[in-house]
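K.L.:
Quick one: sequence plus predicted model below, questions after.
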Amino acid sequence: MPGHANIIIAENADRLAVMGVELFCRNARRGIERSGRFAVAISGGSTPRAMHRLLAREPYVSEICWQKIHLFWVDERLVPAHDPASNYGAAREDFLAAVPIPTEQVYSMTSEKPPEDAAAEYQQKLEACFGKGPEKFPRFDMIFLGVGPDGHTASIFPDDYTAETTDLPVVPVKGGNPDLYRLTLTVPVLNHAKCAVFIVSGRGKAPLVKTLLTAEPSQLPARKIQPVNGRLVWLLDCEAAELLG
Ligand code: 6PG
């Protein structure tokens, strides 16, 4: 079992989405009480979409103080927002267009520039929100992550160490399915978070979850996410957790 992971198991995918949005609301309330804002990064992929849709529905949409939310992406495919592969496009469809978050607090990863320029622009967006203080990396209140079938997370893929051995907060990469140019927050940023939450659903992920959550040594990218001074939460449905015993 890696580090100090909290494992929460939901009976099914619908409950998983509810538990995810409740975690979002609880941490947002706590973060806003403490520091007057909540800086959160969300992932793409299919798993989090049910939770994202709940963000725009009662009781959650009214519970969240959207004026104090600063929304970032963990990663993005460098395609236009209307492209089905766009993580921003999916979020806009799922909740963003329906919640009163100030547009200047929605920090999308631009896809209209060459990868290096897009990464530089996003680093400026991170600095605009987190400042350029003594801390080398932005410290998110919460980061939601998924796990791909190959053990990737964000757009940090097996055998690609670009996002691991860097002192940059965001880097351009190429890979994944679909195989595209992407931007991804880097391992140091993910490990600097106050809370990193993996949300994993489905029987197909069960062997991977077992590998990632047991003592088996693993070089898989998802295993490298161990917040140094923060919480690590694995939010699983029963199917994804079924091999944990
Ligand atoms: C991306 C995601 C990616 C995702 C995993 C899991 O942009 O592709 O950030 O890291 O979280 O691939 O995706 P599913 O939830 O669809 O299994």
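P.N.:
In hand now; what should we look at? Just so you know, these numbers come straight off a predicted model, no measurement behind them. Numbering: from 1, shown residues only.

K.L.:
Quick check: buried residues in the longest helix along the chain?
P.N.:
Across the chain, the longest stretch assigned as helix under DSSP state H is helix 13-35. For helix 13-35, the neighbour count (16 or more other CB atoms under 10 Å) marks 13, 16-17, 19-21, 23-25, 27-28, 31-32 as buried. Any C-beta I mention is one placed from the backbone N, CA and C, and that applies to glycine too.

K.L.:
Output those residues as CSV; include the columns distance to Gln219 and pLDDT.
P.N.:
Listed next are these as CSV, based on distance: CB to CB, whole Å; pLDDT from 0 to 100:
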residue, distance to Gln219, pLDDT
Ala13, 29, 98
Leu16, 27, 98
Ala17, 31, 98
Met19, 29, 98
Gly20, 27, 98
Val21, 32, 98
Leu23, 28, 98
Phe24, 30, 98
Cys25, 35, 98
Asn27, 30, 98
Ala28, 34, 98
Gly31, 33, 98
Ile32, 38, 98
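
K.L.:
for the residues you listed, which one is nearest Cys129?
P.N.:
Gly31 (13.3 Å; CB to CB).

K.L.:
mind listing what the closest one touches?
P.N.:
37-39, 141-142, 194 (CB atoms under 8 Å, 6 or more residues apart in numbering).

K.L.:
try His152
P.N.:
Contacts of His152 by CB under 8 Å, 6+ apart are 158, 176, 220-222.

K.L.:
Now do the same contact list for the spatially closest residue to Val187 that is not a sequence neighbour.
P.N.:
Spatial nearest neighbour of Val187, chain neighbours left out: Glu164 (4.5 Å); criterion: CB to CB, 6 or more residues apart in numbering. Glu164 makes contact with 156, 186-187, 221, 224, according to CB under 8 Å, 6+ apart.

K.L.:
Closest one of those to the ligand?
P.N.:
Each of these was checked against the ligand using CB to the nearest ligand atom; the closest is Ile156, at 7.9 Å.

K.L.:
Backbone dihedrals for the closest one, both of them.
P.N.:
phi -110, psi 110 (degrees, to the nearest 10).

K.L.:
In this structure it contacts Val170, no?
P.N.:
No: the pair Ile156 / Val170 is not scored as a contact, 11.7 Å apart, by CB atoms under 8 Å.

K.L.:
This protein: helices as residue ranges?
P.N.:
Under DSSP H, the chain gives helices at 13-35, 49-55, 60-63, 87-94, 115-130, 187-190, 206-213.

K.L.:
So for Ile156 and Val170, which sits in the more crowded spot?
P.N.:
The residue with more neighbours, out of Ile156 and Val170, is Ile156; 31 against 27, by other CB atoms under 10 Å.

K.L.:
For that one, give its distance to Phe95.
P.N.:
25 Å (CB to CB, to the nearest Å).

K.L.:
before we move on, the earlier item: who touches both of Ile156 and Val170?
P.N.:
Common neighbours of Ile156 and Val170 (CB under 8 Å, 6+ apart) are 184, 186.

K.L.:
Put together CSV for the helices of the chain, with distance to Gln105 on each row.
P.N.:
Converted to CSV, these look like this (distance: least, CB to CB, whole Å):
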stretch, distance to Gln105
helix 13-35, 13
helix 49-55, 14
helix 60-63, 16
helix 87-94, 13
helix 115-130, 8
helix 187-190, 18
helix 206-213, 32
